[in-house]
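> sharing a sequence plus its predicted fold:
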Amino acid sequence: MKKLILTLLAFSLISLTYSQQTATNFTCNDCNGTSHDLFTELDSGKVIVLCWVMPCGSCVNPSNIAYNLVTSYQSTNPGQVLFYMVDDYANTSCNALNNWGNLYGIPASSFSLRFSNSTINMLDYGSEGMPKTVIVAGPSHGVFYNMNNTNNPALMERAIDSALQTINQTGIGSNLSFPYRIYPNPAHDRFMISFHSNHSDYTSIKLINMMGITVKDVDVRYINGDNNLSISCDNIPRGTYFINMITKDGHISSKVTIQ
């Protein structure tokens, strides 16, 4: 038990240390020829998981962990959390990189992109690794996670959640997020969603389980001004759920634990 605690503490310290750093900007094309400017994408509210691969056999499992985690966010934050698979030294063709990804369950998609461009340099984030995974996000272009050779799913999820919360608190991006509060959390029989709106309208609040299945979908009316919406937890099993709500002011996307 002592060894486990020390290991988890070490991982936490690694994550905390790198969360104080800032990303390095790049402007280059992905393997489809689409241009990307990192800071522009972060400023628009994106969370980007950079994963440098050789590609190699030892890269497969950690890369799959990163890709699968990004995929899990597509139901709650579609198109906001992105996976960038990057060739380590840009000496692998896009075709070879794409074939490797497809072979090992990391297909290309609208949220999973490939890059083979030396402008994206892993040494900007410390020492090299196979793979090396870095999570960047937010208006300050912060680094929320930096790991070599392996990936820790719990720490990665914590980093992405922290990045999304930073975006929510600052309200950056068009219709991505705005300041809100969810309480109590953990909840028992009900929880409240508190926020201020400059509009009045109808919308729905969705509770989505960790498998991406909507377990509750409530139609609500919110007003121009301060809102405190009460959501019942009746007949919802204990566990952690994503909250998804879109208004004219922004997009609430967070987690609530029901006990």
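Yes, it's here. Predicted, not measured: the structure shown is a model, and the values here were computed from it.
> that's a strand at Ile231, yeah?
Yes: counting by DSSP: H, G, I helix; E, B strand; the rest coil, Ile231 is found in a strand.
> per-residue confidence for it?
Per-residue pLDDT puts Ile231 at 94.
> ok, now the one 10 residues further on?
As predicted, Tyr241 sits at a pLDDT of 84.
> looking at it, it is touching Asn209, isn't it?
Yes: Tyr241 is in contact with Asn209 according to Cβ atoms under 8 Å; the separation is 5.8 Å. To be clear about C-beta, it is placed using only N, CA and C from the backbone, and glycine gets the same treatment.
> looking at the two, which one has more neighbours?
Neighbour tally, Tyr241 and Asn209, criterion other Cβ atoms under 10 Å: the higher count belongs to Tyr241, 23 against 16.
> that one bridge partners, please.
Per DSSP bridges, the residues bridged to Tyr241 are Val256.
> would you map the strands across the protein?
Counting by DSSP state E, the chain forms strands over residues 27-29, 35-37, 47-53, 81-87, 112-115, 132-137, 142-148, 180-183, 190-197, 201-208, 214-222, 225-232, 239-246, 251-258, given from the N-terminal end onward.
> okay, now the unreliable bits of this structure?
Across the chain, the stretches falling below the confidence threshold (pLDDT under 70) are 1-20, 168-178, 210-212.
> how's it carved up into domains?
Per automatic domain parsing, the domain ranges recorded for the chain read 2-170, 180-258.
> and His196, how many neighbours?
A total of 13 residues lie near His196 under the criterion other Cβ under 10 Å.
> Tyr145 versus Met130, what's the distance?
17 Å (Cβ to Cβ, to the nearest Å).
> for the domains of the chain, which one ends up most surrounded?
domain 2-170 (a mean of 18; mean count of other Cβ atoms under 10 Å).
> work out the gap between that one and the centre of the chain.
For domain 2-170, the gap between its own C-alpha mean and the chain's C-alpha mean amounts to 10 Å (Cα atoms, centre = their mean, to the nearest Å).
> related to what we said a few turns ago, now for Tyr241 and Asn209: what residues contact both?
A shared contact of Tyr241 and Asn209, defined by Cβ atoms under 8 Å, 6 or more residues apart in numbering, is any residue touching both; here these are Val215.
> just the CA trace of stretch 99-110, in PDB.
Output in PDB follows, covering the C-alpha atoms of stretch 99-110 (Å, rounded to 0.1, in the frame of the first residue of the first chain):
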ATOM      1  CA  ASN A  99      -1.500   2.500 -41.900                       C
ATOM      2  CA  TRP A 100       0.100   2.100 -38.400                       C
ATOM      3  CA  GLY A 101      -2.800   3.800 -36.700                       C
ATOM      4  CA  ASN A 102      -5.400   1.800 -38.600                       C
ATOM      5  CA  LEU A 103      -3.600  -1.400 -37.800                       C
ATOM      6  CA  TYR A 104      -3.500  -0.800 -34.100                       C
ATOM      7  CA  GLY A 105      -7.000   0.600 -33.500                       C
ATOM      8  CA  ILE A 106      -6.200   4.400 -33.800                       C
ATOM      9  CA  PRO A 107      -8.200   5.300 -36.900                       C
ATOM     10  CA  ALA A 108      -8.200   8.800 -38.400                       C
ATOM     11  CA  SER A 109     -11.400  10.900 -37.900                       C
ATOM     12  CA  SER A 110     -12.600  14.400 -37.400                       C
END
